[in-house]
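In: sequence first, then the predicted structure:
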Amino acid sequence: MVQALIITHGLLGAELLQCVEALLGPQDGVQVISNQGQDLEGLCKLVASRIPAGEPAILFVDFCGGSPYVACRRACDSPSRLAIISGVNLPMLTSFFTKRATEDFDELAEVVREDGLRGVQLIR
């Protein structure tokens, strides 16, 4: 099963996971990391230490360019089955947790990204 790390500013990741679990029930194979109280080097080490060895994982970050994103990019320098998806949102995480057991890793990463984008709508 594909693992998940949700790495965000402040408590955003924990709150998103709490919402997902309210919808879908408790989820295994997920860790939440906050940048709160971390300098960049400390966050990089923390992210690297939490990546599951030998298992595919998707690293969800809140936005490109922030310290969670930078920490993930540094951690993904070594070859493995990792993907980073930025702009984490509730539709994206719901998609991930409902499809991760049945989809191929590469397909899952793309489908989850697309579902996250579909969740963003402008309504006038």
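Out: Alright, I've got the coordinates.
In: test my guess that R50 contacts V30.
Out: No. Contact criterion Cβ atoms under 8 Å: R50 and V30 do not qualify, at 10.7 Å. Where C-beta positions appear, they are placed from N, C-alpha and C, glycine not excepted.
In: which neighbours do those two share?
Out: L5 (Cβ atoms under 8 Å, 6 or more residues apart in numbering).
In: those two: who's more crowded?
Out: V30 (21 against 16; other Cβ atoms under 10 Å).
In: quick one, phi psi at the more buried one?
Out: The phi/psi pair for V30 (degrees, to the nearest 10) reads phi -140, psi 140.
In: mind starting the numbering at 2 from now?
Out: All set: I'll call the first residue 2, so the last point we hit is now V31.
In: N90 touches Q122, doesn't it?
Out: No. Between N90 and Q122 there is no contact under Cβ under 8 Å: 11.4 Å.
In: so between these two, which is more surrounded?
Out: In this view N90 and Q122 are compared by other Cβ under 10 Å, and N90 has more residues nearby, 16 against 6.
In: who touches the closest residue to L47 other than its chain neighbours in this structure?
Out: Distances taken as Cβ to Cβ, 6 or more residues apart in numbering put I34 closest to L47, at 6.0 Å, once the chain neighbours are dropped. I34 makes contact with 6-9, 14, 44, 47-48, 51, 69, according to Cβ under 8 Å, 6+ apart.
In: give the buried residues for stretch 94-113.
Out: For stretch 94-113, burial by neighbour count (16 or more other Cβ atoms under 10 Å) applies to 94-98, 101, 104, 109-110, 112-113.
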